[in-house]
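Student: I'd like to go over a predicted model; first the sequence, then the structure.
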Amino acid sequence: MYTVAVCDDDRDIRRALRIYLTDAGYQVVEAADGRQLLEALDRQQVHLVLLDIMMPELDGVSALATLRERSAVPVILLTAKSEDEDKITGLELGADDYVTKPFNAQEVLARVKAILRRYVQPPQERTSALVLGGIELDDAHKSVLLDGERVSITPKEYDILKFLMENPGKVFSSREIYRRVWRDNPVGAEGTVAVHIRHLREKLEIDPASPKYLKLVWGKGYKLEA
């Protein structure tokens with residue numbers, strides 16, 4: 001059974017999400033602010049986080065920044081229409097998806113199921129790995145090895161790496177990467193993609209300032225090559 005953390009300062013929203021998620025077979029951990037969320041994650045394993053942006057004590061963006069220092073757990077942001085800048089910041093920090101309030105609980109549930117199916121659920125069969133230089137990506141187990149050593153990356157970093165490994169040597173603009181990976185209109189694409197590329201370089205490159213694999217083609221975009 002998978003555990004989902006619901007972090008929102010609105011008790012009614014937490015209650016509604018808990019009912020839908022519990023009925024769907026998930027365990028639910030509740031938190032009223034970012035500080036409570038981080039404390040909960042220190043105590044138990046959570047497979048996915050639903051995270052509100054505007055909260056007292058510690059807001060969602062700050063909580064996400066701290067969370068990403070210690071965990072690659074998938075995160076879905078719960079945002080208001082007036083919080084577009086915070087949403088973009090959250091995506092840059094490593095959030096995997098977002099839902100805009102007021103939302104349909106069934107839509108949230110569908111996104112939770114999709115992310116858990118893609119990133120967490122153990123596969124039934126092993127598929128062929130993608131290999132480029134010292135990077136090996138096993139899509140069945142959603143794992144990445146660098147020179148034989150396991151690398152911990154977030155789901156969105158994984159998706160970007162997989163997309164580029166499936167198209168070695170080809171240059172893609174930030175907007176195209178955003179469209180293909182986030183499957184959304186490229187709002188704030190340049191900054192969001194650049195931050196994720198920087199994080200990937202820090203994890204995959206010996207010298208991130210002079211990358212061997214993830215390269216920038218000025219004025220055109222990014223490519224992955226050995």
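Tutor: Thanks, I have it.

Student: helices and strands around the helix or strand of the chain with the lowest mean pLDDT, which ones?
Tutor: For the chain, counting by mean pLDDT, DSSP states H and E, helix 84-93 ranks last in confidence among helices and strands (a mean of 84). Of the remaining helices and strands, those touching helix 84-93 by 3 or more C-beta pairs under 8 Å, 6 or more residues apart in numbering; DSSP states H and E are helix 60-68, strand 75-80, strand 97-101, helix 189-204. Placement of C-beta: from N, CA and C, glycine included.

Student: geometric centre of this structure: which residue is closest?
Tutor: The residue at the geometric middle of the chain, judged as the C-alpha nearest the mean C-alpha position with C-alpha atoms, centre = their mean, is Asp96 (3.0 Å).

Student: that one contacts Leu116, correct?
Tutor: No: using C-beta atoms under 8 Å, Asp96 is not in contact with Leu116, being 10.9 Å away.

Student: and for the two, which residues touch both?
Tutor: Between them, Asp96 and Leu116 have Pro74 as joint contacts when contacts are counted by C-beta atoms under 8 Å, 6 or more residues apart in numbering.

Student: can you pull the contacts of Val99?
Tutor: Neighbouring residues of Val99 by C-beta under 8 Å, 6+ apart: Ile76, Leu77, Leu78, Thr79, Glu107, Val108, Arg111.

Student: if we use 10 Å, what do you get?
Tutor: If you count contacts by C-beta atoms under 10 Å, 6 or more residues apart in numbering, Val99 has them with Leu50, Ile76, Leu77, Leu78, Thr79, Ala105, Glu107, Val108, Ala110, Arg111, Val112.

Student: can you pick out the most distant pair from these?
Tutor: The span of the contacts of Val99, defined through C-beta to C-beta, is set by Thr79 and Ala110 at 17.1 Å.

Student: and the two? which has more neighbours close in?
Tutor: Neighbours were counted for Thr79 and for Ala110 using other C-beta atoms under 10 Å; Thr79 has more, 23 against 12.

Student: who's in contact with that one?
Tutor: Taking C-beta under 10 Å, 6+ apart as the definition of contact, the neighbours of Thr79 are 51-54, 60, 86-88, 90, 95, 98-101, 103.
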